[in-house]
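*Asks:* just a sequence and a predicted model for now, questions to come.
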Amino acid sequence: MPTHEPLDAEAKAFQPVDPHVIVLFGAAGDLAKRKLLPGLINLTKAGLMPDHRLVATSLEELDGEGFRKLAHEACKEFGHTKMNKGDWEDFAARLSYVNHSEGAAGLRDAVLRAEKELGGSPRRLHYLSVPPAAASSVVQQLAEAELVERSRVIMEKPFGHDLASAVALNETVHEVFDESQVFRIDHFLGKEAAQNILALRFANGLFEPIWNLNHIDHVQIDVPETLPVGSRGSFYDATGAYRDMVVTHLLQILAFVAMEPPTALEPAAITVEKNKVFRSLRRIDSAEVVRGQYEGYLSEAGVAPDSKTDTFVALRCEIDNWRWSGVPFYLRTGKRMAESWRIISIAFREPPQSMFPSGSGVGDYGPDHLTFDLDESSRLSLSFYGKRPGPGMRLDKQSLQFSLHEVDDYSGDTLEAYERLIHDAMIGDRTLFTTAEGIERLWEVSEDVLESPSPTLPYEPGSWGPEPQIDELIAPHTWRLPFARGWREAKKVDAAPPEDSS
Ligand code: BG6
């Protein structure tokens, strides 16, 4: 029996965080530079960091000064808020670096030094920003260095590269850490907009009654990116779009869209519902997967000259349960595509009969849609047919739209996904993290795609993927992207016109 009342949401978010030593593995890598180091500074500026020290480690032969320089450049280049001299100096003073070559003993010394500076028995947060192949050796190094006590560990995706490796990795992790210490991160779940799916579905009476096969025709989760693989060639070539994006981010988002109402906003309750979705997910059939590789990929640094790695995936999947039976979910993502978006689009069924004559415009622009933009502005749009003003009855596609950016009160409140999740891990809140069971099931439903992949088709950089296969996959529907009508930019409402004085 709990001896105290559970914390309410506000108290939980702002509860004091214990002092922490954060150990960042892969500290000179792409993710650390783009997201983690700038994110830690931003959390400090937002007043959400406890007293802490950061022990950075990576394969790069650097000294403390060299690492601080790298971190400073990264924070200047990638930080999403302004960093002044004081912010940087405060952060830099808490930073130390230890080379991977110094082994477990070197790491232990560096952590103990940092702990001594903090005093007491601070918590340890190990962030494993390392490729999947390196994850188990880091876990073993932590055991050898005796840094498991008082610790939590954040593990980056992809968690394993297939079912067998994920099971083996989970076993290694569980030999060292209790599951309650493990935070498998999927940063899409830390996006404000992803959490807004839960708010919209479960805090309102409006949507849930129509959130099922009787009213929803199909769902699209579409995450094209214009970026090439860039400096991540060797990681990416061993991973590919399916493992990098689908088995992690896109299917996690699908679970938020498809799950039953959880009994509480609690990790266990949410995990149960997400895992039920994963258990009901039909095994993905290679025949319903379009894999692509952008032209020019083979000349990217770190990519094998004869690589068949997918830089693009589009697929159809289904959830075999009472709510979703027969409703197709279409997922698509890829690099070097025409535009960058992260959208979820719910297409509603069209009316069974229409009194509007042909030529009126009804149905001309597809079904009504509820669209979530997972971008920072967390935009939402509900589109419907409405009457064009004037004589007769011409119908146009119109929409209700919302963006966080329209609400003055919210400006400055947004945390980047990684920031939100690092903070959650420090307070021990696992609600937005994934579990061993869920991940293993996703690898299981992916077996056919991984073992008998469909051919890797070439596509032009700047396109929407291999044609005509992507259109055939979704027929008779069509992809929402590129949007037929753009999002509306918020317009300031003009002041009332002066009164007529005549
Ligand atoms: C990462 C993938 O997890 O997510 C990258 O490894 C991808 O390949 C990125 O570009 C997309 O994340 P975001 O937050 O920029 O949409």
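*Replies:* Sure thing, it's come through.
*Asks:* which element, helix or strand, includes the residue nearest to residue 330 when sequence neighbours are not counted?
*Replies:* Counting by C-beta to C-beta, 6 or more residues apart in numbering, the nearest residue to residue 330 once its immediate chain neighbours are dropped is residue 220, at 4.8 Å. For every residue, glycine as well, the C-beta is placed using N, CA and C. In this assignment (DSSP states H and E), residue 220 forms part of strand 216-224.
*Asks:* average model confidence for the next helix or strand after that strand?
*Replies:* Beyond strand 216-224 on the C-terminal side, the first helix or strand identified by DSSP H and E is helix 233-237. What helix 233-237 shows for mean pLDDT is 94.
*Asks:* neighbouring contacts of helix 233-237?
*Replies:* The contact list for helix 233-237, computed with C-beta atoms under 8 Å, 6 or more residues apart in numbering, reads 30, 131, 229, 244, 300-304, 307, 309, 311.
*Asks:* ok, residue 351 to residue 56 distance?
*Replies:* The gap separating residue 351 from residue 56 is 59 Å, by C-beta to C-beta, to the nearest Å.
*Asks:* quick one: which of those two has more around it?
*Replies:* Comparing residue 351 with residue 56 by other C-beta atoms under 10 Å, the one with more neighbours is residue 56, at 27 against 13.
*Asks:* so who does residue 247 touch?
*Replies:* 158, 442-443, 446.
*Asks:* wait, which of those is closest to the ligand?
*Replies:* Using C-beta to the nearest ligand atom, residue 158 is the member of the contacts of residue 247 that lies nearest the ligand, at 8.5 Å.
*Asks:* I'd say the closest one and residue 135 touch.
*Replies:* No. In this structure, residue 158 is not within contact of residue 135 by C-beta atoms under 8 Å, at 9.8 Å.
*Asks:* rank the contacts of helix 233-237 by pLDDT and give me only the lowest.
*Replies:* pLDDT is lowest at residue 131 among the contacts of helix 233-237; the value there is 87.
*Asks:* how about the residue in the chain that the ligand sits nearest to, what does it touch?
*Replies:* The chain approaches the ligand most closely through residue 244 (4.7 Å), counting by C-beta to the nearest ligand atom. Applying C-beta under 8 Å, 6+ apart, we find residue 244 in contact with 158, 236.
*Asks:* just say helix, strand or coil for it.
*Replies:* State at residue 244, reduced to three classes by DSSP: H, G, I helix; E, B strand; the rest coil: helix.
*Asks:* residue 168 - that's part of a strand, no?
*Replies:* No. Using three-state DSSP, the assignment for residue 168 is helix, not a strand.
*Asks:* check contacts around it.
*Replies:* If a contact means C-beta under 8 Å, 6+ apart, then residue 168 has 136, 160 as its contacts.
*Asks:* could you do the one 5 residues further on as well?
*Replies:* With contacts taken as C-beta under 8 Å, 6+ apart, residue 173 has the following neighbours: 136, 139, 153, 155, 182, 436.
*Asks:* just give me the neighbour total for residue 187.
*Replies:* Neighbour count for residue 187, taken as other C-beta under 10 Å: 21.
*Asks:* and residue 400, by the same measure?
*Replies:* Per other C-beta under 10 Å, the neighbour tally for residue 400 reads 10.
*Asks:* what pLDDT does residue 132 get?
*Replies:* 85.
*Asks:* where does residue 102 sit: helix, strand or coil?
*Replies:* Following three-state DSSP, the label given to residue 102 is helix.
*Asks:* if I look at it, how far off is residue 222?
*Replies:* Residue 102 is 45 Å from residue 222, where distance means C-beta to C-beta.
*Asks:* more neighbours: these two, which one.
*Replies:* Between residue 102 and residue 222, residue 222 has the larger neighbour count (other C-beta under 10 Å), namely 22 against 13.
*Asks:* secondary structure element for residue 270?
*Replies:* Per DSSP H and E: residue 270 is located in helix 267-280.
*Asks:* can you dump the C-alpha atoms of that helix in PDB for me?
*Replies:* Extracted C-alpha coordinates of helix 267-280, given in PDB (Å, rounded to 0.1, in the frame of the first residue of the first chain):
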ATOM      1  CA  PRO A 267       3.800   3.500 -17.000                       C
ATOM      2  CA  ALA A 268       2.400   0.100 -16.200                       C
ATOM      3  CA  ALA A 269      -1.100   0.900 -17.500                       C
ATOM      4  CA  ILE A 270       0.100   2.600 -20.700                       C
ATOM      5  CA  THR A 271       2.600  -0.200 -21.300                       C
ATOM      6  CA  VAL A 272      -0.100  -2.900 -21.000                       C
ATOM      7  CA  GLU A 273      -2.200  -1.100 -23.700                       C
ATOM      8  CA  LYS A 274       0.700  -0.500 -26.000                       C
ATOM      9  CA  ASN A 275       1.800  -4.100 -25.800                       C
ATOM     10  CA  LYS A 276      -1.700  -5.300 -26.500                       C
ATOM     11  CA  VAL A 277      -1.500  -3.400 -29.800                       C
ATOM     12  CA  PHE A 278       1.800  -4.900 -30.600                       C
ATOM     13  CA  ARG A 279       0.500  -8.400 -29.800                       C
ATOM     14  CA  SER A 280      -2.500  -7.800 -32.200                       C
END
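*Asks:* and the helix or strand just after it, what does it pack onto?
*Replies:* Next in sequence after helix 267-280, counting helices and strands by DSSP H and E, comes strand 289-294. Contacts defined by 3 or more C-beta pairs under 8 Å, 6 or more residues apart in numbering; DSSP states H and E place strand 289-294 against strand 312-317, strand 456-459, helix 469-474.
*Asks:* list the buried ones in the shortest one?
*Replies:* Looking back up the chat, that one is strand 456-459. Neighbour-count burial for strand 456-459, counted by 16 or more other C-beta atoms under 10 Å, picks out 456-457, 459.
*Asks:* could you do stretch 445-459 as well?
*Replies:* For stretch 445-459, the neighbour count (16+ other C-beta under 10 Å) marks 445-446, 448-450, 453-454, 456-457, 459 as buried.
*Asks:* of these, which belong to helices?
*Replies:* Among these, the members falling in helices (DSSP state H) are 445, 448-450.
*Asks:* need these in JSON lines (columns: pLDDT).
*Replies:* Putting these into JSON lines (pLDDT from 0 to 100) gives the following:
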{"residue": "445", "pLDDT": "98"}
{"residue": "448", "pLDDT": "98"}
{"residue": "449", "pLDDT": "98"}
{"residue": "450", "pLDDT": "97"}
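*Asks:* from these, which is closest to residue 190?
*Replies:* Among those, residue 445 lies closest to residue 190 (C-beta to C-beta), at 23.7 Å.
*Asks:* surely the closest one meets residue 282?
*Replies:* Yes. Using C-beta under 8 Å, residue 445 is in contact with residue 282, at 7.3 Å.
*Asks:* just to revisit the earlier point, in a markdown table: the ones in helices among the buried residues of stretch 445-459, plus distance to residue 364.
*Replies:* Formatted as a markdown table, those follow (distance: C-beta to C-beta, whole Å):
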| residue | distance to residue 364 |
| --- | --- |
| 445 | 37 |
| 448 | 38 |
| 449 | 36 |
| 450 | 41 |
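*Asks:* can you redo these as CSV with distance to the ligand?
*Replies:* Shown next, in CSV, are these (distance: C-beta to the nearest ligand atom, whole Å):
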residue, distance to the ligand
445, 20
448, 23
449, 18
450, 17
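*Asks:* closest to residue 144 out of those?
*Replies:* Nearest to residue 144 out of these is residue 450 (C-beta to C-beta; 32.1 Å).
*Asks:* leaving out sequence neighbours, find the closest residue to that closest one.
*Replies:* residue 162 (5.4 Å).
*Asks:* pLDDT score assigned to that neighbour?
*Replies:* 96.
*Asks:* kindly report the same for residue 487.
*Replies:* Reported pLDDT for residue 487: 88.
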